[in-house]
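Novice: sequence unknown, structure follows:
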């Protein structure tokens, strides 16, 4: 069963997928994989897809959790191999809320093939000090 924070995070991922008015099969499949990693049941995921969170605020997260969630956001955005301006705008908003400089979005798109553990190291310069 999902905790409140993971439900909110999945809701945000669903909103990212739907921000361009098209919920592509690839985006849905990516969110399903992420939700499985988060420990969601298929029923919980369906509930979130049918009514994603309205409020995009997040509970306090560790630096690693912020990095992982930012990478999860980018997995959804890149799932259909097309980054729309609305998806990029939404991702920049999330990046700011997580304490990243907005340039992290272009960096993550450019380096999408980099393995997750290595990417966390590469993301450190994009963190806003004291955030």
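Specialist: Arrived safely. Treat the numbers as computed from the prediction; the structure is a model and nothing was measured. Numbering: from 1, shown residues only.
Novice: now the protein, which segments are flagged as low pLDDT?
Specialist: Scanning the chain for pLDDT under 70 picks out 53-56.
Novice: repeat that with 80
Specialist: Along the chain, segments meeting pLDDT under 80 span 1, 52-59, 130-131.
Novice: Please enumerate the helices of it.
Specialist: 4-18, 25-38, 42-50, 63-78, 85-98, 103-110, 116-123 (DSSP state H).
Novice: Can you tell me which of those helices is nearest to residue 130?
Specialist: Among the helices of the chain, the nearest to residue 130 by CB to CB is helix 63-78 (12.1 Å). C-beta here means a position set from N, CA and C on the backbone, and glycine is covered the same way.
Novice: For that closest one, give me every contacting residue.
Specialist: Helix 63-78 is contacted by residues 9, 12-13, 16-17, 27, 30-31, 34, 58, 61, 83, 87-88, 91, 94-95, 98-100, 104-105, 108-109, 112, 116, 119-120, 123, 127 when judged by CB atoms under 8 Å, 6 or more residues apart in numbering.
Novice: could the helices of the chain go into CSV alongside distance to residue 131?
Specialist: Below are the helices of the chain laid out as CSV (distance: least, CB to CB, whole Å):
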stretch, distance to residue 131
helix 4-18, 18
helix 25-38, 24
helix 42-50, 27
helix 63-78, 9
helix 85-98, 8
helix 103-110, 12
helix 116-123, 13
